[in-house]
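# could you look at this predicted model? Sequence included:
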Amino acid sequence: MTSTPEGSGPARRAEVRRVRPDDAARMRALRLEMLADAPLAFLETLADAAARPHAEYAARIAAVSAGTGTAQFVADPGGRFVGHAGGMAAPGEPGLTVVYAVYVTPSRRGTGLLGDLVDAVADWSRACGRPELMLEVVVGNDRACRAYGRLGFADTGVRVPHPTVPALTELQMRRPA
């Protein structure tokens with residue numbers, strides 16, 4: 001799956017693929033960008049992520065590079081990663097994959113890359129025997145809700161507390177994988 005920015009001429013295409021163990025340094029750089037750009041969307045602070053040793057990033061990326069429990073996918077135009085989406089088996093719901101840590105770098109938003117990343121998670125989920133996807137979005141993040149709606153996700157009506165900011169609530173959205 002690839003995506004090219006619209007109206008940008010000969011921009012490099014971004015291959016969407018599962019992370020590999022040798023991606024740890026580029027994944028760390030993207031993680032820091034994600035946290036700086038959208039601090040409420042992810043479950044750690046920029047300071048905590050920046051302080052984590054490279055060996056810990058390397059171990060985490062190696063763990064999600066294979067297997068059916070958790071996977072991470074990146075958009076790789078060659079050089080710096082420009083997008084990410086993860087998926088993990090939902091505890092207690094065997095047919096469900098939870099989509100997490102979805103991010104597209106600002107210059108690549110609106111190019112179809114979000115759909116490519118979610119499709120990669122969906123393909124992996126189906127291959128693992130899980131026919132449904134679920135994600136959570138902070139209530140009030142209308143831009144994200146609209147984007148996920150265009151990808152076939154529907155608001156389930158379920159609301160849950162934000163895992164790290166008690167004043168916020170998240171809404172659950174689901175779609176077939």
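Arrived safely. Residues are numbered from 1 along each chain as shown.
# in the chain, which spans are strands?
Assigned by DSSP state E, the strands in the chain fall at 2-3, 14-18, 70-76, 83-89, 96-104, 132-138, 154-161, 169-176.
# for residue 50, give its distance to residue 61.
Using C-beta to C-beta, to the nearest Å, we find residue 50 at a distance of 17 Å from residue 61. (C-beta placed from N, C-alpha, C; glycine too.)
# out of the two, which sits in the busier spot?
A count of neighbours by other C-beta atoms under 10 Å puts residue 61 above the other of residue 50 and residue 61, at 21 against 12.
# quick check: closest non-adjacent residue to that one.
Once flanking residues are discounted, residue 61 sits nearest to residue 24: 4.6 Å by C-beta to C-beta, 6 or more residues apart in numbering.
# surely that neighbour and residue 53 touch.
No. Contact criterion C-beta atoms under 8 Å: residue 24 and residue 53 do not qualify, at 10.8 Å.
# looking at the two, which is more packed in?
More crowded of residue 24 and residue 53, by other C-beta under 10 Å: residue 24, with 20 against 8.
# now do the same contact list for that one.
Residues in contact with residue 24 (C-beta atoms under 8 Å, 6 or more residues apart in numbering) are 54, 57, 58, 60, 61, 62.
# and the third one, how many neighbours?
Same thing as residue 58. Residues lying near residue 58 (other C-beta under 10 Å) number 17.
# contacts only, for it.
By C-beta under 8 Å, 6+ apart, residue 58 lies in contact with 21, 24.
# quick one: it from residue 25, how far?
Distance, residue 58 to residue 25, using C-beta to C-beta: 8 Å.
# quick one on the thing from earlier: residue 71: which of the contacts of residue 24 is nearest?
Relative to residue 71, the closest of those is residue 61; by C-beta to C-beta it sits at 11.0 Å.
# that closest one contacts residue 27, correct?
Yes. Residue 61 is within contact range of residue 27, at 5.3 Å (criterion: C-beta under 8 Å).
# pLDDT below threshold where in this structure?
1-12 (pLDDT under 70).
# same thing but 90
Scanning the chain with the threshold set as pLDDT under 90 gives 1-13, 38-49, 57, 162-168.
# show me where it has helices.
Ranges of helices in the chain, per DSSP state H, are 24-37, 46-51, 54-64, 113-127, 142-150.
# perfect, that will be all.
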